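> Could you work out the structure for the sequence below:
(chains A, B and C)
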Amino acid sequence: MRPTGVVQDGWSSSQERAAVLSLREVSVEFATRRGPVTALSEVSLDLTPGSVHVVIGESGSGKSVLAHAVLDLLPRNVTVRGERHLAGTDLATADRRRWRELRSRHLAFIPQSPASALNPVRRLGPLMAEMARARGLSRREAWPAVEAALAGFDLDPDRIRRMYAHHLSGGMAQRVVSSLAMIGSPDVVIADEPTSGLDAALVDRTAGHLLTLAERGAALLVITHDLELAQRLGGTTSVLYASYLVEQRPTAALFTEPAHPYVTALLDARPQCGGRSIPGVAPELTALPDHCAFAARCQHVTDACRAAVPPPVAVPDGTVRCVLAGRA
Amino acid sequence: MTIGIPNRATARGTRRRERVRGVSALRIVVRRLLALPLVLFAVAAMTFLLVALSPFDPEAAYTSLSTGVSEQTRQEILAAWDLDGSIVEQFGHWLGNVVQGDLGHSRLLAGQPVADEIASRALLSLVLIVTALVLVLVGGLVLGVLAAAFRDSPLDWAVRTLAYYGAAAPSFWIGLLLLYVFSVHLGVLPSGGSIDVRSADAGFIDPAHLILPAVTLAVTQQSWFTLYVRDTLLEVLREDYVRYAEASGVRRAAVLGRHALPNALIPFITIAGTRLPELIGGAVLAETIFAWPGLGRLTVEAALVVDLPLLVAITLVGSVLVVFGNLAADLLYRLADPRIREGLT
Amino acid sequence: MTATAVLRPRARRLRPWRPWAGGVTPLSAQIAGTVLALLILAALTADLVRPVTSAIDLDAILVAPSLAHPFGTDDTGRDVLALSLQALQVSFTIAALAALVAVVIGLWVGVLAGALGGRVDGLLMRVVDFLSSQNHLLFGLLIVVLFRPALGPAGAVMLSVGLTHWLVVARIVRGELLSLRDRPFVAAAIGGGATLGRLVTRHYLPHLAPAVGVAMVLLLPHAIFHESALSFLGVGLPPHDPSLGNLIAAGQRSLLVGAWWVSLIPGLLILAASVAVGTLGEYWRDRHQPRWRGELEL
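Down below sits the predicted model:
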């Protein structure tokens, strides 16, 4: 059994009240033919307007599921537990109509591969205008808003209007979906791997665009496996490992002084730090251990690690899910 | 205003679009039309080859009606039916005539020119096939989209079950059931023919007479289409761009109709083009059941007396229809997918 | 969608095309198998169950379904159930032989195209594509009338169905052969100096057997349909030979005077056979050879 009811006191009550998106011990479980698969275990996080929150993790750590849980894009064989609040709405109680309203007025989504997220058989002009209308703009306001947003990303609206998705380069497609995310001033912008497939220069530009969104007051949730991008974005970083949120601290602090052994190992695995890869492999989500998921690969493993799943521990600037946290 | 570094692929794509637009559609038409004589030649050659290989002896069949004829009369009969000479000579002769617009003379219709008879019947068949095609496309699209939109609901289940059995049942049997229910039992629809013979001002085609044959012809293909549309749409609904539209707050109906459907139409068009020959075969059965005086019934009548010139000519008309069907599919395909238009795929 | 598809969002799930969601369940496959077994059993024992099958009884013309005649009688007083069972036997036999003709032709064309490759392959596949674009009922009609005097009605129908249905088999065989050619044991045989003939008989044909077997089973409903369509049109079996198509055609006359039962039963039998075979074939294919899905959508 996993411990429940651990009080999370890593956030002040004022932050909690201001949070536009808040997740409390959210778990996501898939019912599959081979039994249940836990994709997310008791993850908590809060986003305040104008803040940046980066979620990093390896493939299969559950970070995309996190984004999909907030957007209600999960398939039907899924159970979500825990509390999800967005713009004052309890997401568990939201019906289809409320969801559409949330997506169109409060959320914006920057998909993983912008090139395949744009409809291949429709001209971008009408397509973007329609998306703008879906974001609450009137028929008359829609295209001017798109024009303004495109211009903000150095794109020529008159040219984009007549194009199809396959005319765009990777960077242009990225800027097109980023500009769509700005329309209608959403409260929360969720970006799922916004830089996958982009070269270094474009990664930098994309990071700039994302920060612009935050400057304009949106709460930004960026899902990525790109550590450089996380560092560039700043704000707060959450690290996921095998469905658990193992460390959540200000990005700068996390990168200079990681608290969780996994995060330490992850940072050491970067090429500029010697590229020491972590021995062993991450556990399968179908067979998560009943204790700390990282115990098998951890250098500092103790008996306590194998006794139970460690609860999240509050440290001065965040939380760490490790029995060693706060002792050193 | 800067646009950033123009991507090479983009520049190429744009340039090609401006250059090729308009020409490409023409090229499709020209290519298909140039292929038409070749297709017809191949079909005709194949038919003659089949006749030559078969044990069927046209000579015996044509002269046996009049027993005890003199050798001279026999030769005259053969010459009159263009049956003198080897099969290659016959084919050459026939081909020469066809080029001049003469498809030969029908045995079934007492020596009348085949071309005249076909021309008078073809329109009736065309009306039937086009009506059925409209039923197939509209019905398949509506039911398929509904089933996909309400996936796994009782509606979906009902549509799927009906379509599955509709596709498996012999169409002529379904035609007979319809005939029984609507004209014999209920008496609301006519059981055969194309016009109401009792009415003095009977026109070319009476719409009420068209209903049962067209539905019979449509039902098998429509069932098939419904299942295909539903499945393609469900496939497309999993695409990134559909999920992105949904995540951006686009209404469900618009997601289905404006984002998913235009993409699902692309494979649908390809399939629609290849299924046209099935409708032609189905027309033979539907016309026979409902005594629709079109080419299909003529085919059966010609087959019963082995009227080769007529059968060959009808087969050719069928091939022409198939070529035009494919041409229409090509053009629609081009219209539906900008990437095809630009020659990118 | 499964969990892995979400965790690796780029991995697009390629699903075989299935008319009904969730595919063919083992239960529906069992039901289909039972139905097919019953149909075959009925066809085999048709003569035993009703010894007085085709007895004409002018006192019982067009009797509605009753205890004595569960499915009524036709316009010469013959029992429709007994006739249908006999027709099942006739139609199944002709369909099976026609499917065999199609398989033999398709096998040879496919093996020639696949084994020789190059220009022969290109040419043969061109021919196959061309023939597929033509309507096979029209050609079937032509073949029947041309060959009927020499082969008799049943033989002509078999040939007609066989000659118009081998295209699918040829495509499948060629596809299988092309994938076989890349397998190590074939490369080893070629390296060992095997002749083309030996390759075909020793290596290709044994591996093609399952594909060809399934193709033949899946052809059956189409062959039944074509046989009955030709008979229905009056160019197939002689009108008084019981075949499913002839029974349906005979029913058309009775239909106009309100006797619906004569056509109903033979049609239902065709429907049952074609749904059962289709379901079983699909079940087998999904489990073993999802690759054939494109070709086998007959």
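> What about the closest residue to chain B within the stretch 1-150 of chain A, how many residues nearby?
Residue nearest to chain B within the stretch 1-150 of chain A (C-beta to the nearest C-beta): residue A:104, separated by 2.6 Å. In short, each C-beta sits where N, CA and C put it, glycine included. By other C-beta atoms under 10 Å in any protein chain shown, 22 other residues sit near residue A:104.
> Would you agree it is in contact with residue B:247?
No - with contact defined as C-beta atoms under 8 Å, residue A:104 and residue B:247 do not form a contacting pair (10.0 Å).
> Okay, whichever residue of chain B sits closest to chain A and residue A:92: tell me how far apart.
At 2.6 Å from chain A, residue B:249 is the closest residue in chain B, using C-beta to the nearest C-beta. Separation of residue B:249 from residue A:92 (C-beta to C-beta, to the nearest Å) stands at 19 Å.
> Ok, residue A:218 next?
From residue A:218 across to residue A:92, the span is 24 Å (C-beta to C-beta).
> Skip the chain neighbours and tell me the closest residue to residue B:137.
For residue B:137, ignoring the flanking residues on the chain, the nearest one in space by C-beta to C-beta, 6 or more residues apart in numbering or on different chains is residue B:272 at 6.7 Å.
> Does the one you found belong to a helix, a strand or coil?
helix (DSSP: H, G, I helix; E, B strand; the rest coil).
> quick one on the thing from earlier: quickly note the distance from the residue of the stretch 1-150 of chain A closest to chain B to residue C:238.
Going from residue A:104 to residue C:238 by C-beta to C-beta gives 70 Å.
> swap in residue A:18?
Going from residue A:18 to residue C:238 by C-beta to C-beta gives 89 Å.
> show me where the stretch 101-250 of chain A has helices.
For the stretch 101-250 of chain A, the helices defined by DSSP state H, counting those that start in this stretch occupy A:114-117, A:124-134, A:139-152, A:157-162, A:170-182, A:200-215, A:227-233.
> Send me the second one as CSV with only the CA atoms.
Read that as helix A:124-134. Written as CSV, here are the backbone C-alpha positions of helix A:124-134 (Å, rounded to 0.1, in the frame of the first residue of the first chain):
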residue,chain,number,x,y,z
LEU,A,124,-3.9,28.1,-43.0
GLY,A,125,-5.9,31.3,-43.2
PRO,A,126,-9.4,29.8,-42.8
LEU,A,127,-8.0,27.2,-40.4
MET,A,128,-6.4,29.7,-38.1
ALA,A,129,-9.4,32.0,-38.3
GLU,A,130,-11.6,29.1,-37.2
MET,A,131,-9.3,28.2,-34.4
ALA,A,132,-9.4,31.9,-33.3
ARG,A,133,-13.2,31.8,-33.3
ALA,A,134,-13.0,28.6,-31.2
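> OK, contacts around the residue sitting nearest the centre point of chain A?
For chain A, the residue nearest the mean C-alpha position is residue A:223 (3.3 Å; C-alpha atoms, centre = their mean). Each residue near residue A:223 by C-beta atoms under 8 Å, 6 or more residues apart in numbering or on different chains is listed here: A:55, A:63, A:64, A:66, A:67, A:190, A:191, A:192, A:193.
> residue ranges with poor pLDDT in chain A?
Across chain A, the ranges flagged by pLDDT under 70 are A:1-17, A:327-328.
> 50 instead, please
Low-confidence segments of chain A (pLDDT under 50): A:1-17.
> and the residue of chain B closest to chain A, what element?
Counting by DSSP states H and E, there is no helix or strand that carries residue B:249.
> How many residues are close by it?
25.
> One more: the one 5 residues further on?
Using other C-beta under 10 Å, residue B:254 has 15 neighbouring residues.
> Surely it is in a helix?
Yes - with three-state DSSP as the criterion, residue B:254 is assigned to a helix.
> Spell out which parts of chain A neighbour chain C.
Proximity of chain A to chain C, by C-beta under 8 Å from any C-beta of the partner chain, involves residues A:30, A:32, A:37, A:39, A:59-60, A:62, A:64-65, A:68, A:74-75, A:77, A:112-113, A:192, A:285.
> Go again with 6 Å.
Contacts of chain A with chain C, taken as C-beta under 6 Å from any C-beta of the partner chain, map to A:30, A:32, A:37, A:60, A:64, A:65, A:75, A:112.
> Now do the same contact list for the first one.
The contact partners of residue A:30, by C-beta atoms under 6 Å, 6 or more residues apart in numbering or on different chains, come to A:37, A:39, A:77, A:78, C:3.
> 7 Å instead?
Contact analysis of residue A:30 by C-beta atoms under 7 Å, 6 or more residues apart in numbering or on different chains lists A:36, A:37, A:39, A:77, A:78, C:3.
> Run through the neighbouring helices and strands of the helix or strand containing residue C:278.
Counting by DSSP H and E, the element that carries residue C:278 is helix C:261-288. Where contact means 3 or more C-beta pairs under 7 Å, 6 or more residues apart in numbering or on different chains; DSSP states H and E, helix C:261-288 is packed against helix B:154-168, helix B:171-178, helix C:26-44, helix C:80-116, helix C:205-233, helix C:244-255.
> and the angle for that helix with helix B:154-168?
110 degrees (axes from the mean of the first three to the mean of the last three C-alpha atoms, to 10 degrees).
> tell me which residues of helix C:261-288 are tucked away?
Neighbour-count burial for helix C:261-288 flags C:261-267, C:269-285 (criterion: 16 or more other C-beta atoms under 10 Å in any protein chain shown).
> Equivalent analysis for stretch A:88-103, please.
Residues of stretch A:88-103 classed as buried by neighbour count (16+ other C-beta under 10 Å): A:91, A:94, A:99, A:100, A:101, A:102, A:103.
> residues touching the third one, list them.
Taking C-beta under 7 Å, 6+ apart as the criterion, residue A:99 is in contact with residue A:72.
> doesn't it fall inside a helix?
Yes - under three-state DSSP, residue A:99 sits within a helix.
> Look up how far residue A:225 lies from it.
Noted for residue A:99: a distance of 28 Å to residue A:225, by C-beta to C-beta.
> Excluding chain neighbours, give the residue nearest to residue 133 in space.
I'll assume chain A. Among residues not flanking residue A:133 along the chain, residue A:142 sits closest, at 4.8 Å (C-beta to C-beta, 6+ apart).
> Chain B was what I was after
residue B:279 (6.4 Å).
> after whatever helix or strand that neighbour lives in comes which helix or strand?
In the assignment (DSSP H and E), residue B:279 maps to helix B:276-289. Next helix or strand after helix B:276-289 toward the C-terminus (DSSP H and E): helix B:295-304.
> Right, I'll leave it there.
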